[in-house]
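In: coords please:
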Amino acid sequence: MRKEKVSLGTRLTEGIMQLHGRLPLSYHRWWARRVAWLLGSVLHYRRDVVVTNLSRSFPKKSYEEIQEITWRFYLHLATVFTEMIWFGACKDEKGRKRFVKSGIFRMTNPEEMNRILSVPNSTMILQCHTGNWELLGGIVQSGTNPPLKLDPAFMAVTYRPLESRMWDVIMQHNRLGLVRDQGFDGYLATDSVLRFVLANKDRRYTYFFITDQHPYTGNGAAQVTFMHQKTGTVTAAAHLACKLDMAVAYLRITEREEGGYDVTVVPVADHAAGQDPVKIMEKYYKLLEEDLENQPWNYLWSHKRWKTYK
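Out: Next comes the predicted model:
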């Protein structure tokens, strides 16, 4: 991991989060209900966006059902935030044991994940904003039996840099705490992905792309139908997979009622060469739709996903 200069304010903020993160996971989930009430009932954080997105995505649901899903969404969002703080304190060997003991991530089909990872060439894992996407760095330490054949030194995760340099650094440290000392150096800003992939095309990497947000450039964008709406989507990950004949899989993350997440890998293509990238993204959105029908609150509904498509 590359060293970087960190400001005093960043260190102080991160230190406070680290101390808070050492408290039990049950404490953070207790706080999640209070934060959910603050976001939804007091601050009305992006409430219009949330209700509009839900109403258009679930046109057959009643007003009362939409209101209930809205509350569950705010609880989900608050849980993502509070669990993220807890996760940031899971560092080094002691932190990895803490993470595994919590059982917060439970891989339901590790054999299938290992089969996909064993396919020649690299693997493209398409993820979305379900479950707790901020805990992705813990997938290597999920305590599966058999263990996952994931080597942090050959993993790469894409992200979109935050406007605040301080929070961008804090979130990088927070997300990667479990793998920073294991040779991981694949935290890729969106504008550096292509260069990294091509430079490592002869190595077997596992790439994680969160690819369900609205395209923020016109390059590589396409149109699909998602949740009954015309939806702009970026096809860059699928294009790379097809060009380099990667295996492609969808990462399904469902929320358990008692807390924590079940993680299931769903094969999309063992060999993507010759396939249509747009068809791959259509399969991706079809799987995401299935997840949202089962757990409609389990998504980032506060994001302005459906901007005008051009």
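
In: Quick check: residue 184 vs residue 276, distance?
Out: Using CB to CB, to the nearest Å, residue 184 is found at 32 Å from residue 276. For every residue, glycine as well, the C-beta is placed using N, CA and C.

In: Neighbour count: those two, which is higher?
Out: Neighbour comparison, residue 184 and residue 276: the larger count goes to residue 184, with 20 against 13 (by other CB atoms under 10 Å).

In: and the nearest residue to that one once chain neighbours are set aside, how many residues sit next to it?
Out: Leaving aside its sequence neighbours, residue 184 sits nearest to residue 152 (CB to CB, 6 or more residues apart in numbering; 4.1 Å). Applying other CB under 10 Å, we find 19 residues neighbouring residue 152.

In: same thing with residue 230?
Out: Using other CB under 10 Å as the criterion, residue 230 is surrounded by 11 other residues.

In: Do I have it right that it meets residue 214?
Out: No - with contacts counted by CB atoms under 8 Å, residue 230 stays clear of residue 214, the gap being 11.9 Å.

In: what about the strands in the stretch 151-300 of the chain?
Out: For the stretch 151-300 of the chain, the strands defined by DSSP state E, counting those that start in this stretch occupy 155-159, 187-189, 206-210, 221-226, 229-234, 247-255, 261-269.

In: and among those, the most buried is which?
Out: Ranked by mean neighbour count, the strands of the stretch 151-300 of the chain are led by strand 206-210 with a mean of 24 (mean count of other CB atoms under 10 Å).

In: mind putting the strands of the stretch 151-300 of the chain in a markdown table, distance to residue 59 and mean pLDDT included?
Out: Below are the strands of the stretch 151-300 of the chain laid out as a markdown table (distance: least, CB to CB, whole Å; pLDDT from 0 to 100):
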| stretch | distance to residue 59 | mean pLDDT |
| --- | --- | --- |
| strand 155-159 | 33 | 92 |
| strand 187-189 | 37 | 91 |
| strand 206-210 | 26 | 95 |
| strand 221-226 | 14 | 89 |
| strand 229-234 | 10 | 92 |
| strand 247-255 | 23 | 97 |
| strand 261-269 | 26 | 96 |
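
In: for the ones you listed, which one sits closest to residue 54?
Out: Of all the strands of the stretch 151-300 of the chain, strand 229-234 sits nearest to residue 54, with 12.1 Å by CB to CB.

In: what angle do that closest one and strand 206-210 make?
Out: Angle between the axes of strand 229-234 and strand 206-210 is 140 degrees (criterion: axes from the mean of the first three to the mean of the last three CA atoms, to 10 degrees).

In: from the chain's centre, how far out does strand 229-234 sit?
Out: 19 Å (CA atoms, centre = their mean, to the nearest Å).

In: can you list contacts of that strand?
Out: The contact list for strand 229-234 (CB atoms under 8 Å, 6 or more residues apart in numbering) reads 56-57, 211-215, 220-226, 281, 285, 305-307, 309.

In: Now for residue 136: which residues touch it?
Out: By CB under 8 Å, 6+ apart, the residues touching residue 136 are 127, 157, 175, 208.

In: Can you pick out the most distant pair from the residues you listed?
Out: Maximum distance among the contacts of residue 136 (CB to CB): 12.8 Å, for 127 and 175.

In: ok, the residue nearest to residue 134 when sequence neighbours are not counted to residue 9 distance?
Out: Computed as CB to CB, 6+ apart, the closest residue to residue 134 that is not its neighbour in sequence is residue 84, at 4.3 Å. According to CB to CB, residue 84 and residue 9 sit 19 Å apart.
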